[in-house]
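Trainee: Show me the folded form of this:
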Amino acid sequence: MQRNFEFAIFRLTLFPFCTCVQERTRDNSKEAESFRGHLNNKSAEYVEEILSPHFGGILQFVKEGEALVEKGQGDELKHHESE
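Mentor: Residues are numbered from 1 along each chain as shown. Model prediction:
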């Protein structure tokens, strides 16, 4: 866990650079899209790693809820309202 945390901090320090590169490459080239996708995935990993110890249950609920909504089964969430 410590190693992942340190790597996440390293990525966070590169975020301003990454943002600058994104702003200067507004094109939709394969490389630019790949970079944006990779940055978004790593940012989500970082957020999850930091928040998981404190809000793990709610994060899991949101993921499951999003998956149900994408499948058109959003009504399944109503079963959790009384919990």
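Trainee: Would you mind pulling up the elements that the helix or strand bottoming out on mean pLDDT in the chain packs against?
Mentor: Within the chain, no helix or strand scores below helix 2-24, which has a mean of 71 by mean pLDDT, DSSP states H and E. Using 3 or more CB pairs under 8 Å, 6 or more residues apart in numbering; DSSP states H and E, the elements in contact with helix 2-24 are helix 30-70. (Glycine included, C-beta is placed from N, CA and C.)
Trainee: The helix it packs on versus helix 2-24: what angle between them?
Mentor: In terms of direction (axes from the mean of the first three to the mean of the last three CA atoms, to 10 degrees), helix 30-70 departs from helix 2-24 by 110 degrees.
Trainee: for helix 30-70, what is the average pLDDT?
Mentor: Average pLDDT, helix 30-70: 84.
Trainee: What is the neighbour count of the residue nearest to residue 12 when sequence neighbours are not counted?
Mentor: In space, and not counting its chain neighbours, residue 12 is closest to residue 46: 6.5 Å by CB to CB, 6 or more residues apart in numbering. Applying other CB atoms under 10 Å, we find 18 residues neighbouring residue 46.
Trainee: show me the residues around residue 46 that make contact.
Mentor: 8, 11, 12 (CB atoms under 8 Å, 6 or more residues apart in numbering).
Trainee: One more: residue 65?
Mentor: Per CB under 8 Å, 6+ apart, neighbours of residue 65: 74, 77.
Trainee: Tell me how many other residues surround residue 14.
Mentor: Residue 14, neighbours per other CB under 10 Å, totals 12.
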